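**Q** Pasted the sequence and its predicted model underneath.
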Amino acid sequence: MKWENTALIVVDVQIGLFQRKTPIYNEQKLLENINSLESYVRSINIPVIYIQHANESTLVEGSDEWQLHPQLQKENSDLLIHKRHPNTFKETNFREELEARNITQLVIVGTLTDNCVSATCIGGKELGYKVILVTDAHSTFSEPTPEIIEEWHNELKNLGTVLKSTRELIIHSTVVDL
């Protein structure tokens, strides 16, 4: 993969989404893969951008549930975008921040597959970004989870989103071009 003009986008990996009655599917593997990607992209000077959702019920701004998951490896230099809509581009300065950094390719990870992750993928495609969804670094608690994730993979691929695993991005990035 060519990493020029790329950012890793970590969507809504917040405590409250991991404390629900139905757990995040493959929670530990999800967090491990996100952390592996963060470490890798930082080693090649690719920016990491965190997205943090707020609403009036489960992710109330400033609450414990609203905070980023403590297992993430957020650094002070990482950009943080706050949002109130599933699509990160809606009513935020996200696009302006990407343009200021000359970012044209988004590598997307996070939660929830069937909400903010998919909405941000679609929003990015609609605005002309190359969007790569990391197949094993996003998840949801909706059931039946594996089927929902697979349905979104198919739908997003049909819309032009590139699907790659964590391993493909890290190990094969110098060999395989997206």
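**A** In hand now; what should we look at? Just so you know, these numbers come straight off a predicted model, no measurement behind them.

**Q** What is the neighbour count of residue 106?
**A** Look at residue 106: counted by other Cβ atoms under 10 Å, it has 25 neighbours. Any C-beta I mention is one placed from the backbone N, CA and C, and that applies to glycine too.

**Q** correction: residue 2
**A** 11.

**Q** all strands of the chain, in order?
**A** Counting by DSSP state E, the segments of the chain that form strands are 6-11, 48-53, 79-83, 105-111, 130-139, 162-164.

**Q** For residue 23, find the nearest of those strands.
**A** When the strands of the chain are ranked by proximity to residue 23, the top entry is strand 130-139, at 9.6 Å, counting by Cβ to Cβ.

**Q** residues near residue 28, how many?
**A** When counting by other Cβ under 10 Å, one arrives at 9 neighbours for residue 28.

**Q** What distance do you get for it to residue 88?
**A** Residue 28 sits at a distance of 25 Å from residue 88 (criterion: Cβ to Cβ, to the nearest Å).

**Q** Any stretches of the protein with poor pLDDT?
**A** For the chain, the stretches with pLDDT under 70 are 172-178.

**Q** repeat that for 80
**A** Low-confidence regions of the chain, defined by pLDDT under 80, span residues 1, 172-178.

**Q** Quick one: the helices in it, in order.
**A** 27-43, 94-100, 118-126, 145-158, 166-170 (DSSP state H).

**Q** winner for burial among the ones you listed?
**A** Across the helices of the chain, the average number of neighbours (mean count of other Cβ atoms under 10 Å) peaks for helix 118-126, which reaches a mean of 21.

**Q** what's that one in contact with?
**A** If you take Cβ atoms under 8 Å, 6 or more residues apart in numbering as the criterion, helix 118-126 is touched by 9, 11, 51, 85-90, 106, 108, 131, 133, 152, 155-156, 159-161.

**Q** Please indicate which of those residues are buried?
**A** Of the members of the contacts of helix 118-126, the ones counted as buried by neighbours, 16 or more other Cβ atoms under 10 Å, are 9, 11, 51, 86-89, 106, 108, 131, 133, 152, 156, 161.

**Q** Can you add distance to residue 1 and give those residues back as a markdown table?
**A** Rendered in a markdown table, the data for the buried ones among the contacts of helix 118-126 read as follows (distance: Cβ to Cβ, whole Å):
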| residue | distance to residue 1 |
| --- | --- |
| 9 | 15 |
| 11 | 20 |
| 51 | 22 |
| 86 | 27 |
| 87 | 25 |
| 88 | 22 |
| 89 | 23 |
| 106 | 13 |
| 108 | 14 |
| 131 | 13 |
| 133 | 13 |
| 152 | 21 |
| 156 | 18 |
| 161 | 14 |
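
**Q** No more questions from me, cheers.
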